[in-house]
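**Q** predicted model follows, preceded by the sequence.
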Amino acid sequence: MRVGAIQSSFIPWRGYFDIIASVDLFVFLDDVQYTVRDWRSRNKIKTSKGAEWLTVPVVHEKQTQRICDTRIQNAVAWQKKHRGTWSFSYRSAPYFDAAMDVLSGFDDVRHTTISQLNIYLIRRICAYLDIKTPMIPSSELSLQGSRTDRLVDMIKKLGATIYLSGPSADAYLDKGAFRDHGIQLEYKSYDYDPYPQLWGDFIGGVTVLDLIANCGQQAKHLVRSRTPDRIIVAK
């Protein structure tokens, strides 16, 4: 079995969904440290001024705070601002209504943590993209250790033999640990076709809702990399 695991992120880019679609089981790493000014609570959309951040305000009280414990500041009228920005930037997109339908419910105050909101939206986007991969939070697994040891514990508990990672993890993954436990380590290839966008030259590193707003159901055919993933440690 092939598994992948990433921290939950706010309306991620298409590479995030490529990883979900490429594995047999996907794990939200939500019982790990929340990182400020990161993808956990914000993402970029394309506007007439270029790529701009959309940020969900959260309560950050301590450095060791976990993603699953990070509360949204729902007293702040951020939802109204987000809706206005989406409407202004994408109302001319051919599939604007489809993108807004995927976003439906994002302003439900029952999403009290950033983890709850992120997972809710990621599941809705997966449904639109026809991605059926099972998804679970890491908090269900009672994982032990840190960094690579924690990942190895997760992989072994799940009975998996292959771990798919984003290539940026290369800086901290202990490849020897994968060899010692007979786990194949692969890096996702992020090589995607451009697609028609509003507002000038193509920008790839924006939320996947940009792809949906501009391409509709065709988006499901544009979230898979054109080149194969790389095997870093073979079984």
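**A** Nice, I can see it.
**Q** state the pLDDT value of the residue sitting furthest away from the middle of the chain.
**A** Outermost residue of the chain with respect to the C-alpha centroid, by Cα atoms, centre = their mean, is residue 180; its distance is 29.1 Å. Residue 180 is assigned 96 on the pLDDT scale.
**Q** how about the helix ranked longest in the chain: buried residues?
**A** Secondary structure assigned by DSSP state H gives helix 114-128 as the longest helix of the chain. Judged by neighbour count (16 or more other Cβ atoms under 10 Å), helix 114-128 contains these buried residues: 114-122, 124-126, 128. To be clear about C-beta, it is placed using only N, CA and C from the backbone, and glycine gets the same treatment.
**Q** any idea how far the residue farthest from the centre of the chain is from residue 233?
**A** Summarising the geometry, the distance separating residue 180 from residue 233, computed by Cβ to Cβ, to the nearest Å, is 10 Å.
**Q** which SSE is immediately downstream of the longest helix of the chain?
**A** If you walk from helix 114-128 toward the C-terminus, the next helix or strand you reach (DSSP states H and E) is strand 135-137.
**Q** which residues in this protein form helices?
**A** So, for the chain - with DSSP H - the helices run 14-21, 78-90, 96-103, 114-128, 147-158, 175-180, 208-215.
**Q** any idea how far residue 14 lies from residue 112?
**A** Summarising the geometry, the distance separating residue 14 from residue 112, computed by Cβ to Cβ, is 28 Å.
**Q** sorry, back to before: of the buried residues of helix 114-128, just say which sits nearest to residue 91.
**A** Closest to residue 91 out of the buried residues of helix 114-128 is residue 128 (19.0 Å), distances taken as Cβ to Cβ.
**Q** which one of the buried residues of helix 114-128 sits closest to residue 229?
**A** Distances from the buried residues of helix 114-128 to residue 229 were compared by Cβ to Cβ; the smallest belongs to residue 126, at 19.2 Å.
**Q** what count of nearby residues applies to the closest residue to residue 107 other than its chain neighbours?
**A** Once flanking residues are discounted, residue 107 sits nearest to residue 79: 3.7 Å by Cβ to Cβ, 6 or more residues apart in numbering. Residues near residue 79, counting by other Cβ atoms under 10 Å, number 15.
**Q** pretty sure residue 79 sits against residue 106.
**A** Yes. The pair residue 79 and residue 106 qualifies as a contact (Cβ atoms under 8 Å) at a distance of 7.1 Å.
**Q** for the nearest residue to residue 204 once chain neighbours are set aside, phi and psi?
**A** With Cβ to Cβ, 6+ apart as the measure, residue 192 is the residue that lies nearest to residue 204, at 6.6 Å, once sequence neighbours are left out. Geometry field for residue 192 lists phi and psi as phi -120, psi 150, criterion degrees, to the nearest 10.
**Q** since that was my last question, I'll sign off now.
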